[in-house]
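**Q** need a structure here:
(one chain, ligands or ions: 1)
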Amino acid sequence: MADQQRILTGMRPTGQLHLGHYLGALENWIQMQHEYECFFLIADYQAMGDHLDDIGLIQRSVIEVATDWLAVGLDPEKSAFVIQSYVPEHAELTMYFSMLMPLNQHQKNPTLRAETAQLEAENQNITLGFFNYPISQAADILLPKAHLVPVGEDQVAHIEYTRNVARRFNRLYGEVFPVPRARVGRIPRLVGTDGQAKMSKSLNNAVYLADDPEAVKQRVRRMVSDITGENPRMRATDPGVVEYNPAFLYHDAFNDDQDEVAELKERYTAGTVSDGEVKEKLTDAINRFLEPIRERRAWYEEHPDYVRDVLNAGTERERVIARETIENVRQAMQVVYT
Ligand code: TRP
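**A** I've put the predicted structure just below:
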């Protein structure tokens, strides 16, 4: 146990989780919890950076994210579920790292640039808290001295930045932090139901883990399929294109009957199956996938005290390690006065 490698990863509590979260991150986490000591962070400070005007959403989402995590099979006996702001050492380490990192390097972070440009385009204020979140995320990862960070593709720039922070600290003050690595999942990014590059709540193109069978059916029915060429496929007798076809990307990812998928692809290419049938089979496949998750979710929804206990216990586990790390940091930086 002592030399077991450590993971920290997390999500922002800003809404329900969807199939994109599952493929990009959760699937990987579920596997890795058996091999690593895991800290799964619910990053509420980070959510405040651009959702402080909707603290109710953050409140609900902290519980919902924890419920989703339990429902997909993250095991709180093995892994710690942590509420970020309940371990104020996250803020403390963020402060030290802020002193360390040059502004011009910070401003080069491509993800931060894209996101601030987006907020500006929407005429939203960019708070200092938001601007600082890549540093805060580095502190999240380095506080428990994690070696590995399993994340979706969109987070890789932040892990790169975290590596810079760790290297810089170590160079200036001696080896305190491991330099963590990112690990991206089997399918790093899931297209939205509308064919856009990313599934996301704000684009309204998601299928949620908490969707009931009817909701799944409606979302799949409205989904785009063949998006190549000038004209979308209109008739079952038109030869269709399987590549880049969201319906088939979802079949690949979620259908447990890959023989059925192979057959559908053949018929689609030949023009002997309708989009309607492809989508019906997809609805069934997604519902088969979600059914056990729904069953577990129902239990946790009836036992909110259990979910709260899980969060409090996990948070307490990280707190112990966090105090040690801050002590290491203060010693290394010689922030010791009395
Ligand atoms: N930025 C991540 C997201 O938007 C959430 C997050 C916060 C995170 N701290 C982290 C991810 C530390 C990995 C490691 O989903």
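**Q** the ligand contacts on the stretch 201-338 of the chain?
**A** Contact residues, the stretch 201-338 of the chain versus the ligand (CB under 6 Å from any ligand atom): none. The C-beta positions use only the backbone N, C-alpha and C, and glycine is treated the same way.
**Q** in the stretch 201-338 of the chain, where is pLDDT below threshold?
**A** Within the stretch 201-338 of the chain, the set of residues satisfying pLDDT under 70 comprises 229-231.
**Q** smallest gap between it and the ligand, at which residue?
**A** Scanning the stretch 201-338 of the chain for the residue nearest the ligand gives Lys201, at 11.7 Å (criterion: CB to the nearest ligand atom).
**Q** low-confidence regions, the stretch 1-150 of the chain specifically.
**A** Residue ranges of the stretch 1-150 of the chain with pLDDT under 70: 1-2.
**Q** where do the helices sit along it?
**A** Assigned by DSSP state H, counting those that start in this stretch, the stretch 1-150 of the chain shows helices spanning 19-21, 27-32, 44-51, 55-72, 89-100, 103-106, 110-121, 128-131, 133-142.
**Q** give me whichever of those is most buried.
**A** Among the helices of the stretch 1-150 of the chain, the stretch with the highest mean neighbour count (mean count of other CB atoms under 10 Å) is helix 133-142, at a mean of 26.
**Q** does that helix come close to the ligand?
**A** Yes: using CB under 6 Å from any ligand atom, we find that helix 133-142 touches the ligand at 137, 140-141.
**Q** look through this protein and tell me its longest helix.
**A** For the chain, the longest helix by residue count, based on DSSP state H, is helix 304-333.
**Q** tilt between it and helix 55-72?
**A** 100 degrees (axes from the mean of the first three to the mean of the last three CA atoms, to 10 degrees).
**Q** one step back: among the helices of the stretch 1-150 of the chain, which comes closest to Val241?
**A** Relative to Val241, the nearest member of those by CB to CB is helix 19-21, separated by 22.2 Å.
**Q** helices and strands around the closest one, which ones?
**A** helix 246-254 (3 or more CB pairs under 8 Å, 6 or more residues apart in numbering; DSSP states H and E).
**Q** what is the helix it packs on packed up against?
**A** Using 3+ CB pairs under 8 Å, 6+ apart: helix 246-254 touches helix 19-21, helix 258-270, helix 275-302.
**Q** show residues contacting that helix.
**A** 19, 23, 187, 190-195, 220, 223-225, 227, 242, 261, 264-265, 268, 275, 278-279, 281-282, 285-286, 289 (CB atoms under 8 Å, 6 or more residues apart in numbering).
**Q** same deal with stretch 310-320?
**A** With contacts defined as CB under 8 Å, 6+ apart, stretch 310-320 is touched by 39-40, 42, 62, 66, 70, 76, 79-83, 86-87, 89, 143-144.
**Q** quick check: buried residues in it?
**A** 310-311, 314-315, 317-318 (16 or more other CB atoms under 10 Å).
**Q** tally of neighbours for the nearest residue to Val261 once chain neighbours are set aside?
**A** Take Val261 and drop its neighbours on the chain: the residue closest to it by CB to CB, 6 or more residues apart in numbering is His251, 4.6 Å away. Using other CB atoms under 10 Å, His251 has 24 other residues around it.
**Q** any idea how far His251 is from Ile321?
**A** His251 sits 42 Å away from Ile321, going by CB to CB, to the nearest Å.
**Q** before we move on, what about Arg12?
**A** Distance from Arg12 to Ile321, by CB to CB: 22 Å.
**Q** between these two, which one's more packed in?
**A** Just comparing Arg12 and Ile321: by other CB under 10 Å the higher neighbour count belongs to Arg12, 21 against 18.
**Q** please name the nearest non-neighbouring residue to the more buried one.
**A** Arg12 sits nearest to Ala47 (CB to CB, 6+ apart), 4.5 Å away.
**Q** might one say that the one you found is in contact with Met11?
**A** No: the pair Ala47 / Met11 is not scored as a contact, 9.3 Å apart, by CB atoms under 8 Å.
**Q** re earlier: please identify the most buried of the helices and strands packed on helix 246-254.
**A** helix 19-21 (a mean of 24).
**Q** ok, and what's touching it?
**A** 11, 68, 152, 189-190, 192, 198-200, 206-209, 250, 253-254, 286.
**Q** could you identify the buried members of these?
**A** Among the contacts of helix 19-21, those buried by neighbour count (16+ other CB under 10 Å) are 11, 68, 152, 190, 192, 198-200, 206-209, 250, 253-254, 286.
**Q** which one of those residues sits closest to Met99?
**A** Met11 (27.5 Å).
**Q** much appreciated, bye for now.
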